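Visitor: please work out how this folds:
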Amino acid sequence: MANLKIAGLCKDYGPVEVLKNIDLDIKDGEFVVFVGPSGCGKSTLLRMICGLDEVTSGALAIGDQIVNDVPSSKRGIAMVFQSYALYPHMSVAKNMGYALRLAGEDASEIDRRVKAAAEILKIDHLLDRKPRQLSGGQRQRVAIGRAIVREPEVFLFDEPLSNLDAALRVDMRMEFARLKKRLGTTMIYVTHDQVEAMTLADKIVVMNAGRVEQVGAPIELYHAPMNRFVAEFIGSPRMNILPAGLVADAPAGADTVGLRPEQLVLGEAGLRGKVLTTERLGSDTFAYVEIDGLERPLVVRKGGDEALASGLDVTVGWGADALYAFDAEGRALQVAPLKAAS
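Guide: The predicted structure is shown next:
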């Protein structure tokens with residue numbers, strides 16, 4: 001196991017800056033998730049940690065060693081990609097042990113490691129099968145097993161569940177959670193899926209346009225975003241953003257305020273609007289309410305048994321501890337929601 005330290009890391013492709021002065025400390029044994037919109041640089045950062053992309057400037061250390069110029073194969077890292085990339089003509093066992101065979105490991109040691117990894121992943125009964133005989137989830141387990149057998153100091157995962165259907169993603173999230181507890185190894189995981197990030201991470205790194213916006217525990221980022229970007233990115237449905245002028249409780253200096261869907265209530269004193277449509281998801285109902293002066297409808301979270309007719313006139317209000325306030329630059333004016341005026 002190992003800690004990682006990234007200091008002033010930059011990546012340029014000619015005149016294009018992809019990563020801009022990244023500073024990160026990842027502790028030994030942490031499960032860290034990089035999230036952000038497409039093109040934010042999260043996969044590039046992962047590839048630089050792995051050694052697949054060169055560092056333009058800055059320092060990247062694994063343990064006590066600066067690894068900027070260390071080949072990928074010498075960094076003690078194993079990476080699992082979005083694509084399973086299994087050899088179709090090889091059995092599961094041979095796929096998992098292939099890197100060890102290339103490294104010249106003894107056959108008995110390879111067999112021991114493959115069987116141990118297969119038992120951890122619950123695929124020990126599949127070792128003689130070929131990839132075409134496996135489901136998507138089983139193939140992903142084989143790809144993870146191929147990384148485990150190398151006994152790396154750091155695991156890197158680049159959107160490993162994006163090729164799976166919704167049900168399999170749920171199953172594999174549970175597998176990753178179990179794997180984290182079982183192995184205790186440092187893990188870095190890239191995803192655009194908030195559910196994966198919120199449920200798996202010890203620490204989330206939110207990235208935007210090549211920069212780190214905020215680092216923290218999942219619930220910390222949800223309840224105490226440092227800026228409007230993080231506030232809108234973390235949470236589904238996204239935070240409602242309103243001009244400060246529409247909200248009587250907005251503090252001095254606020255340009256916009258944020259209200260999460262679960263903080264809004266219908267029938268209270270507040271903003272008048274009309275229900276545009278509703279989404280009934282069983283456990284929750286989301287009402288989309290048009291408000292004059294807003295580009296996007298407000299999203300209000302209700303109980304799953306509640307039905308609201310389209311076109312219904314409603315009033316949207318909020319209770320205490322509801323408002324998030326941001327200045328004209330998008331910076332949070334406080335790191336927790338304000339109490340509404342009594």
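Visitor: residue 165 versus residue 278, what's the distance?
Guide: 26 Å (C-beta to C-beta, to the nearest Å). C-beta: built from backbone N, CA, C; applies to glycine.
Visitor: more crowded one of these two?
Guide: residue 278 (19 against 10; other C-beta atoms under 10 Å).
Visitor: so who does residue 275 touch?
Guide: When the contact criterion is C-beta atoms under 8 Å, 6 or more residues apart in numbering, the partners of residue 275 are 287-290, 308-312, 314.
Visitor: go again using 6 Å as the cut-off
Guide: 287, 289, 308, 310, 312, 314 (C-beta atoms under 6 Å, 6 or more residues apart in numbering).
Visitor: what helix or strand is the closest residue to the fifth one other than its chain neighbours on?
Guide: Nearest residue to residue 312, sequence neighbours excluded (C-beta to C-beta, 6 or more residues apart in numbering): residue 275, at 4.4 Å. Using DSSP states H and E, residue 275 sits within strand 264-280.
Visitor: who's in contact with the following helix or strand past that strand?
Guide: Per DSSP H and E, strand 264-280 leads on to strand 284-291 as the next helix or strand towards the C-terminus. The contact list for strand 284-291 (C-beta under 6 Å, 6+ apart) reads 271, 273-279, 297-302, 304, 306, 308, 316.
Visitor: buried subset of those as a ChimeraX selection?
Guide: A single ChimeraX command selects the buried members of the contacts of strand 284-291 (16 or more other C-beta atoms under 10 Å):
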select :271,273,275,278,297,298,299,300,302,308,316
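Visitor: how about the contacts made by residue 268?
Guide: residue 317.
Visitor: which parts of this structure are helices?
Guide: 42-50, 92-102, 107-120, 136-148, 166-183, 194-200, 218-223, 228-233 (DSSP state H).
Visitor: name the residues linked to residue 298 by a beta bridge.
Guide: residue 289 (DSSP bridges).
Visitor: just the pLDDT at it, thanks.
Guide: With respect to pLDDT, residue 298 scores 96.
Visitor: ok, it touching residue 239?
Guide: No. The pair residue 298 / residue 239 is not scored as a contact, 10.6 Å apart, by C-beta atoms under 6 Å.
Visitor: low-confidence stretches in the stretch 1-150 of the chain?
Guide: 1 (pLDDT under 70).
Visitor: quickly list the domain ranges of the chain.
Guide: Following automatic domain parsing, the chain resolves into domains at 4-223, 239-326.
Visitor: start to end distance for the longest one?
Guide: By that I understand domain 4-223. 27 Å (C-alpha to C-alpha, to the nearest Å).
Visitor: same check, this time on the shortest one
Guide: For domain 239-326, the first and last residues are 13 Å from each other (C-alpha to C-alpha).
Visitor: chain center to that domain: distance?
Guide: How far domain 239-326 lies from its chain's middle: 26 Å, per C-alpha atoms, centre = their mean, to the nearest Å.
Visitor: ok, stretch 81-92 next?
Guide: The answer for stretch 81-92 is 25 Å, by C-alpha atoms, centre = their mean.
Visitor: quick check: buried residues in that stretch?
Guide: Under 16+ other C-beta under 10 Å, the buried positions of stretch 81-92 are 82, 84, 86, 91-92.
Visitor: from residue 26, how far out is residue 43?
Guide: Applying C-beta to C-beta to residue 43 and residue 26 gives a distance of 17 Å.
Visitor: of those two, which one has the most company?
Guide: residue 26 (23 against 18).
Visitor: that one bridge partners, please.
Guide: Counting by DSSP bridges, the residues bridging with residue 26 are residue 4.
Visitor: wait, residue 186 sits on residue 155?
Guide: No. Applying C-beta under 6 Å as the test, residue 186 and residue 155 come out as separate, 7.1 Å apart.
Visitor: spit out the contact partners of the most centrally placed residue in the chain.
Guide: Computing the C-alpha centroid of the chain and ranking residues by C-alpha atoms, centre = their mean puts residue 197 first, at 3.4 Å. Contacts for residue 197 (C-beta under 6 Å, 6+ apart) come out as 33, 35, 191, 204.
Visitor: farthest-apart pair in those residues, please.
Guide: Using C-beta to C-beta, the pair of these lying farthest apart is 191 and 204, separated by 10.0 Å.
Visitor: with neighbour numbers in mind, choose between these two.
Guide: Applying other C-beta under 10 Å to residue 191 and residue 204 shows that residue 204 carries more neighbours, namely 26 against 22.
Visitor: contacts only, for that one.
Guide: 33, 197, 218, 221.
Visitor: could you count how many residues lie near the last one?
Guide: Taking other C-beta under 10 Å as the neighbour definition, residue 221 ends up with a count of 26.
Visitor: what's the answer for the third one, then?
Guide: The local packing of residue 218 (other C-beta under 10 Å) involves 18 other residues.
Visitor: distance of it from residue 224?
Guide: Counting by C-beta to C-beta, the gap from residue 218 to residue 224 is 11 Å.
Visitor: and for residue 235?
Guide: Applying C-beta to C-beta, the value for residue 235 to residue 224 is 12 Å.
Visitor: try residue 203
Guide: 14 Å.
Visitor: what does residue 179 give?
Guide: 29 Å.
Visitor: what's the neighbour count on the closest residue to residue 246 other than its chain neighbours?
Guide: If the residues on either side of it in the chain are set aside, residue 246 comes closest to residue 293, at 6.2 Å by C-beta to C-beta, 6+ apart. Residue 293: 9 surrounding residues under other C-beta under 10 Å.
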